[in-house]
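Enquirer: structure for the following, please:
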Amino acid sequence: TDGLLECGGGQEETEKWVVAALKESSENNPQKLAEFLLRNALRMSGGKPRDDITVLVALVEEQKDYKK
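Expert: Presented below is the predicted three-dimensional model:
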């Protein structure tokens, strides 16, 4: 949610951090990736976020031909 983006110095700066973290992460476990993002967001906000934070991790795969 936007709460994650509000944890950094500014929304644009935080968006860049989130994108970079996702690109560099080799974590395949969705729970661990969500915890990583949340932990770093809390660190960036000094442990006191200004807004509620929800982190949802989903895998998007290319659709394969489906035959009935």
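Enquirer: please, which helix or strand holds Leu22?
Expert: Taking DSSP states H and E as the definition, Leu22 sits inside helix 11-24.
Enquirer: tell me the contacts of Glu19?
Expert: Not Glu; residue 19 is Val. Residues in contact with Val19, defined by C-beta atoms under 8 Å, 6 or more residues apart in numbering, are absent; none qualify. Backbone N, C-alpha and C define where each C-beta goes, glycine included.
Enquirer: where's it relative to Leu37, distance?
Expert: As defined by C-beta to C-beta, to the nearest Å, Val19 lies at a distance of 11 Å from Leu37.
Enquirer: swap in Asn29?
Expert: The spacing between Asn29 and Leu37, counted by C-beta to C-beta, is 13 Å.
Enquirer: and Thr54, by the same measure?
Expert: Distance, Thr54 to Leu37, by C-beta to C-beta: 11 Å.
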